[in-house]
Structures are given as C-alpha cells and as structure tokens.
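1. pasting the sequence and the predicted coordinates here, then a few questions.
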Amino acid sequence: MGRFYAEGHPLHNSLTVEIRHMTAKEEDILTSESLLKKGIAVDRMLQSLVVDKSLKLGELLIGDKNALLVAARITGFGPHYETKVGCPSCGETIDNSFNLNE
C-alpha cells in the first residue's frame, strides 16, 4: 500500500505497479552473458517491464521487487512453476508444482 515510501516517491500510498508483458526483448536481457556476469540482468529486465519510467528499481523495497519478479514470471511463462524440492532433513528430492497466482 506504499506506506513505507516517503512522500514524493512514485509508490507513496500506491497499491500497484503497472508492468507490461514479457517479450523476447526481456528474455534476451535475462540471457545476456555480460549482464549476468555483472549481476544486473534481473534488474534490467524488471526496469524494462515497468511502465512508469520514473520508478527506479534501486529504490524499491525488496518485497516489492520480489513481487514484480513473480508477476513478470507469470506474464512471460504462465503461473505454473514446476521444480524439484529437496527435504533438508532427509535429503529426498521430490517434484513439486507451484501456482504462482496463489
């Protein structure tokens, strides 16, 4: 709800951040070796998706940035995320499917 952003910040008292759907451009950003080596590929991809260009990713709270990342993943690849999850106690690995909309 934008409570933790100072007055004058684009997200102050804001409920949403508008992003566009992922395209091949953002996939190219995510696979760029130079951006990956610099550790900035994800930030560049997210900045490309944010509609309000006055919003700077470096000023976002980490939870908001993570929410944008999940939303971007949903627009680009759908809400279903299948992966293997390891049990820290027994070491067993199982297949799991997550619905990112939930």
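-> Nice, thanks for sending it over.

2. quick one: Pro10 from Phe4, how far?
-> Taking Cβ to Cβ, to the nearest Å as the measure, Pro10 and Phe4 are separated by 13 Å. Every C-beta, even on glycine, is put in place using the N, C-alpha and C of the backbone.

3. who has more neighbours, the two?
-> More crowded of Pro10 and Phe4, by other Cβ atoms under 10 Å: Pro10, with 16 against 11.

4. what's the closest non-adjacent residue to that one?
-> Distances taken as Cβ to Cβ, 6 or more residues apart in numbering place Leu55 nearest to Pro10, at 4.9 Å, with adjacent residues excluded.

5. ok, that neighbour touching Leu11?
-> Yes. Between Leu55 and Leu11 there is a contact under Cβ atoms under 8 Å: 7.0 Å.

6. look up how far Ile94 lies from the residue nearest to Pro10.
-> Separation of Leu55 from Ile94 (Cβ to Cβ): 39 Å.

7. residues of the longest helix seen in the chain that come out buried?
-> In the chain, with assignment by DSSP state H, the single longest helix is helix 62-77. Residues Asp64, Lys65, Leu68, Ala71, Ala72, Ile74, Gly76 are the ones in helix 62-77 that count as buried (16 or more other Cβ atoms under 10 Å).

8. gap between it and the chain center?
-> 3 Å (Cα atoms, centre = their mean, to the nearest Å).

9. which residues are in contact with that helix?
-> For helix 62-77, contacts defined as Cβ atoms under 8 Å, 6 or more residues apart in numbering pick out 11, 17, 19-22, 26-27, 42, 45-46, 49-50, 57, 60, 81, 100-101.

10. do you have the strands of this protein handy? List them.
-> Using DSSP state E, the strands of the chain run over 80-86, 93-99.

11. angle of the first one against strand 93-99?
-> Comparing the axes of strand 80-86 and strand 93-99 via axes from the mean of the first three to the mean of the last three Cα atoms, to 10 degrees yields an angle of 150 degrees.
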